[in-house]
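Engineer: sequence first, predicted model second:
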Amino acid sequence: MRHFTLRRDTPHRLDHVLGTINGTVTETDGGYLLRDPSENTVLLTTP
């Protein structure tokens, strides 16, 4: 697996997840990008 998307149902829940991340997060037009420990790209977004 090289990448995946995690969709949270509300902006509040997305903000909660973002608040628990200890790594680098990059904001994009589609959401927030980060890398997991295996270096897979993760896109965090809301519908």
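Structural biologist: Good, I have the coordinates.
Engineer: output the contacting helices and strands for whichever strand or helix holds His16.
Structural biologist: His16 belongs to helix 11-18 when assigned by DSSP states H and E. Applying 3 or more CB pairs under 8 Å, 6 or more residues apart in numbering; DSSP states H and E, we find helix 11-18 packed against strand 31-35, strand 41-45. For the C-beta atoms, the positions are set from N, CA and C on the backbone; glycine is no exception.
Engineer: out of the ones you listed, which is closest to Ile21?
Structural biologist: Nearest of the helices and strands packed on helix 11-18 to Ile21, taken as CB to CB: strand 31-35 at 6.2 Å.
Engineer: the closest one pairs with which strands?
Structural biologist: strand 26-28 (antiparallel), strand 41-45 (antiparallel) (DSSP bridges).
Engineer: the helix holding His16: which residues count as buried?
Structural biologist: Leu14 (16 or more other CB atoms under 10 Å).
Engineer: so what touches that helix?
Structural biologist: Residues outside helix 11-18 that contact it (CB atoms under 8 Å, 6 or more residues apart in numbering): Leu6, Arg8, Val25, Gly31, Tyr32, Leu44, Thr45, Thr46.
Engineer: of the residues you listed, buried ones?
Structural biologist: Looks like the contacts of helix 11-18 have Arg8, Gly31, Tyr32, Leu44 buried, using 16+ other CB under 10 Å.
Engineer: flag the shaky bits of the protein, pLDDT-wise.
Structural biologist: For the chain, the stretches with pLDDT under 70 are 1.
Engineer: one more time with 50
Structural biologist: Residues of the chain meeting the criterion pLDDT under 50: none.
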